[in-house]
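Visitor: Quick one: sequence and predicted model below, then my questions.
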Amino acid sequence: MDALRLLLLLAVALAPPVILVLRLRNAERHRPEPYLVLAKAFAWGALAAASIAIVAQYALSAYFGAATFLHVRWTIMVVLVAPLVEELAKALGLRVIRDDHPEPEDGYIYGGAVGLGFAATENTLYILYALAFSGEQTALATALYRGVATVALHGAASAVAGHGIWRARYGGSSLWALWGVGAAVALHVGYNALSALSLPWATLLAAGVALVAYMRMMVRVRALDDGGARR
């Protein structure tokens, strides 16, 4: 594959997270979040959270090395360990991101930005792996599917976690943060469990769940933004 075609393939993977984070920001019509802070959230997901997740999953995989069947170990890692590790790694960034004018919808926005940054890195790694070991057509199919379904999943899951963390930070019970991260993990587990079945209907259902969750989050951002503007 020549350099131009490789760049086009990577653009298919990277463009959706960037476009969606801009659309997420613009969903807040009153006092939208600063680009610089959003960029920090996106960068946390793309660099810090992705690195933490890779190292943690590699370390934890040793604990499942004695599984009798290889597919049992793979299922545990994909369906249970990966969602827990990845959502915790993304949520860590939300603990340090601050905004000067906090509003109820901001947790969704910053959480979504972290998740979309994570998706950008994960997509790139998966596509490069597919290209190296399975060929150009598989890499393109991977880019197209992950550019829609997996991007939406990471954006929606981290947005839910962000909402819980923001509620806890600005006057709510600390249980809100636990609820938010727990809901993010549950959504991620459900998506990965469906994807792991490797059946056409399950794959489509997983994509549908991710897209509906993301669209629901966008609706919540607009509703909370409009409600704040009327107060």
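Guide: Structure's in. What do you need? Numbering: from 1, shown residues only.
Visitor: Quick one: list the elements packing against whichever strand or helix holds R216.
Guide: Following DSSP states H and E, one finds R216 within helix 200-230. In terms of contacts (3 or more C-beta pairs under 8 Å, 6 or more residues apart in numbering; DSSP states H and E), helix 200-230 is packed against helix 3-26, helix 106-133, helix 151-169, helix 175-196. From N, CA and C alone the C-beta is placed, and that goes for glycine too.
Visitor: Swap in 6 Å and give it another go.
Guide: helix 151-169, helix 175-196 (3 or more C-beta pairs under 6 Å, 6 or more residues apart in numbering; DSSP states H and E).
Visitor: which of these is buried the deepest?
Guide: Mean neighbour counts were taken over the helices and strands packed on helix 200-230 using mean count of other C-beta atoms under 10 Å, and the top value, a mean of 28, falls to helix 151-169.
Visitor: can you tell me the average pLDDT over that helix?
Guide: Mean pLDDT, helix 151-169: 94.
Visitor: what stretches of this structure score poorly on pLDDT?
Guide: For the chain, the stretches with pLDDT under 70 are 1, 64-71, 228-231.
Visitor: Which residue would you name as the spatial centre of it?
Guide: Nearest residue to the geometric centre of the chain (C-alpha atoms, centre = their mean): H154, 1.7 Å.
Visitor: Now for that one: which residues touch it?
Guide: H154 sits next to 115, 118-119 when contact means C-beta atoms under 6 Å, 6 or more residues apart in numbering.
Visitor: Apply 10 Å and report the result again.
Guide: Counting by C-beta atoms under 10 Å, 6 or more residues apart in numbering, H154 makes contact with 17, 20, 45, 49, 86-87, 90, 112, 114-120, 122-123, 146, 184, 188, 191, 210, 214.
Visitor: same thing with R220?
Guide: For R220, the contacting residues are 27, 104-105, 108, 159-160, 163, by C-beta under 10 Å, 6+ apart.
Visitor: Tell me the buried residues within the contacts of H154.
Guide: Buried members of the contacts of H154, counted by 16 or more other C-beta atoms under 10 Å: 17, 20, 45, 49, 86-87, 90, 112, 114-120, 122-123, 146, 184, 188, 191, 210, 214.
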